[in-house]
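**Q** Curious how this folds, go ahead:
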Amino acid sequence: MKRIEILFLLLFLIGISMISCVSGRKFKDVQDKSRHFMDERDSFKASSLQLEMAKRELESEAAGLREKMSKSDAEIEKVRKERDNAIAEVARISSQYHDLQNAHEELIKGNIKETQKLLSELQAAHADLQQKEDILRQLESNLDSKKASLDELNFELQKRNERLVELEKILNTQKKIAQDLKNKVSDALLGFENNGLTVTQKDGKVYVSLDEKLLFKTASWDIDANGRNALKKLAGVLERNPNIQVTIEGHTDNVPYNPGGSSQLRDNWDLSVKRATTVVRVLLEGSKINPTRLIASGRSEYVPVDERNSADARQKNRRTEIILTPDLSELYEIINSY
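**A** Modelled structure (predicted):
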């Protein structure tokens with residue numbers, strides 16, 4: 001602005017100088033030009049003021065804009081940082097998402113395999129269970145059948161136990177009868193025991209064993225007086241006990257029998273039978289014994305009591321045994337009922 005004012009002043013001084021040097025017309029021209037310059041100066045000055053005001057306004061606006069731009073830059077920087085942070089966070093979340101997605105897919109794959117494995121195991125377990133249930137049903141069926149059989153067996157066992165108890169009672173009774181019989185026979189033959197005669201009890205029976213020297217002479221079947229006396233005493237016991245079955249067995253030694261020229265016997269078989277029948281006849285003589293109770297048999301040399309080949313053994317084997325058997329009909333009935 002000051003430069004313009006100085007310019008106009010110089011022009012004015014030059015004009016005055018020129019006025020003094022030129023003519024009046026020229027002075028007038030100069031004066032007109034001077035006025036024109038002055039008007040232009042004023043106009044220029046007014047324009048300059050306007051421009052200065054406009055400049056100031058523009059500078060103020062520019063300062064405001066610069067301030068706004070500074071704030072905007074800060075905000076932009078802030079937003080940029082937030083954007084960058086957001087981008088980084090998005091990248092992190094995206095990466096995490098992809099990792100989770102991959103893990104989920106792997107998990108799904110693993111679950112499918114595990115599920116298939118579990119399903120296979122479940123199917124196998126179900127099949128095994130079905131088989132076990134079938135076996136169990138079969139076992140239960142068998143068990144029911146076994147229970148029914150067991151009930152039948154228990155019932156049969158109970159019946160047999162009852163029969164067994166009854167049998168034991170009868171056996172005990174038979175034993176008592178046999179013992180009582182032995183005692184009676186022993187009492188009746190008291191003077192003969194240990195003198196060629198023995199009385200024993202075995203298996204519910206009473207055995208009266210008479211040596212050959214008490215009854216017979218060697219190779220003979222005739223009974224002497226002492227033996228006949230013993231048999232009569234025994235016959236008395238048998239008369240008083242009608243339920244006793246009597247078996248008379250003749251036994252010889254292993255020495256062959258020599259029949260002689262006029263003998264009715266051929267060998268030890270005949271001799272053993274002949275002696276047994278002779279004893280039967282003596283028992284029946286003058287007694288009330290029912291003959292159906294008596295059995296005579298010959299055993300020859302084949303049931304020895306002493307198997308040694310000596311004189312003493314042969315003497316023991318030459319004997320007559322009278323076997324007394326109590327009535328066992330009740331026992332047989334029970335046995336036959338099984």
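**Q** Which residue ranges of the stretch 51-200 of the chain form helices?
**A** Remark: helices of the stretch 51-200 of the chain are absent; assignment by DSSP state H, counting those that start in this stretch.
**Q** Please, where are all the strands along it?
**A** Secondary structure of the stretch 51-200 of the chain (DSSP state E, counting those that start in this stretch): strands at 197-202.
**Q** show me where pLDDT drops low in it?
**A** Flagging of the stretch 51-200 of the chain using pLDDT under 70 yields the residue ranges 51-52, 54-55, 58-59, 61-62, 65, 69, 72-73, 79, 193-194.
**Q** buried set for stretch 222-236?
**A** Residues 223, 227, 230-231, 233-235 are the ones in stretch 222-236 that count as buried (16 or more other CB atoms under 10 Å). Every C-beta, even on glycine, is put in place using the N, C-alpha and C of the backbone.
**Q** let me fix that: stretch 208-227
**A** Neighbour counts using 16+ other CB under 10 Å place 208-216, 219, 221, 223, 227 of stretch 208-227 among the buried residues.
**Q** Next step: these restricted to strands.
**A** Using DSSP state E, 208-211 are the members of the buried residues of stretch 208-227 that sit in strands.
**Q** Tell me which two in the buried residues of stretch 208-227 are the farthest apart.
**A** Greatest spacing in these, by CB to CB: 208 and 219 (22.9 Å).
**Q** if we can go back for a sec, just the buried residues of stretch 222-236 now: which is nearest residue 143?
**A** Nearest to residue 143 among the buried residues of stretch 222-236, with distances taken as CB to CB, is residue 234, at 62.7 Å.
**Q** what is the rounded mean pLDDT of the helix or strand encompassing the closest one?
**A** Element membership of residue 234, judged by DSSP states H and E, is helix 225-240. For helix 225-240, mean pLDDT rounds to 91.
**Q** related to what we said a few turns ago, can you redo the buried residues of stretch 208-227 as CSV with distance to residue 110?
**A** Formatted as CSV, those follow (distance: CB to CB, whole Å):
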residue, distance to residue 110
208, 101
209, 99
210, 105
211, 105
212, 107
213, 110
214, 109
215, 109
216, 111
219, 112
221, 111
223, 113
227, 111
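**Q** Now flag whichever of those is closest to residue 103.
**A** Distances from residue 103 to the buried residues of stretch 208-227, taken by CB to CB, are shortest for residue 209, at 107.9 Å.
**Q** ok, that closest one - contacts?
**A** When contacts are counted by CB atoms under 8 Å, 6 or more residues apart in numbering, residue 209 touches 197-198, 200, 319-322.
**Q** One more pass at 10 Å, please.
**A** For residue 209, the residues meeting the contact criterion (CB atoms under 10 Å, 6 or more residues apart in numbering) are 196-200, 249, 251, 305, 316, 319-323.
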